[in-house]
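Engineer: Fold the following.
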Amino acid sequence: MNISAARTVTVLATDVRFEADKMNVQLSDGRVISVPLEWFPALRKAPAKKRNNWRLIGKGVGIHWQDLDEDLSVEALLRH
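Structural biologist: Numbering: from 1, shown residues only. From the prediction side, this is the model:
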């Protein structure tokens, strides 16, 4: 039996930007994930000032919104 080892690659968020109906997350490997705000009701309903008040957690493993008590992981975004 041939067993190959899987290599784990960690991709981190480096920036977050919002458009009217979507969130764009820049990744450390150059990709951008664009997801509809419809998937995240807390972000969709929030005013732009609160939506834009985010910080990276775990050096980019996730994104945290203090004002909204909301956390998203890059891994979860990639699985959507």
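Engineer: would you list every one of the strands in the chain?
Structural biologist: Along the chain, the segments classed as strands by DSSP state E run 13-18, 22-27, 32-36, 55-57, 62-65, 70-73.
Engineer: Which residues does the shortest one contact?
Structural biologist: The reference is to strand 55-57. By CB atoms under 8 Å, 6 or more residues apart in numbering, the surrounding residues in contact with strand 55-57 are Leu12, Ala13, Thr14, Gly62, Ile63, His64, Gln66, Asp71. C-beta coordinates here come from the backbone N, C-alpha and C atoms, glycine included.
Engineer: Run through the residues that contact the fifth one.
Structural biologist: What that stands for is Ile63. Neighbour list for Ile63: Ala13, Val16, Val25, Trp54, Arg55, Leu56, Ile57, Asp71, Leu72, Val74 [criterion: CB under 8 Å, 6+ apart].
Engineer: Out of those, which is nearest to Trp39?
Structural biologist: Of all these, Trp39 sits closest to Leu72, with 9.7 Å by CB to CB.
Engineer: contacting residues for that closest one?
Structural biologist: Remark: with contacts taken as CB under 8 Å, 6+ apart, Leu72 is in contact with Phe40, Gly62, Ile63.
Engineer: Same question for Met23.
Structural biologist: Taking CB under 8 Å, 6+ apart, we find Met23 in contact with Val16, Arg17, Ser34, Val35, Leu37, Phe40, Leu43.
Engineer: Noted, bye for now.
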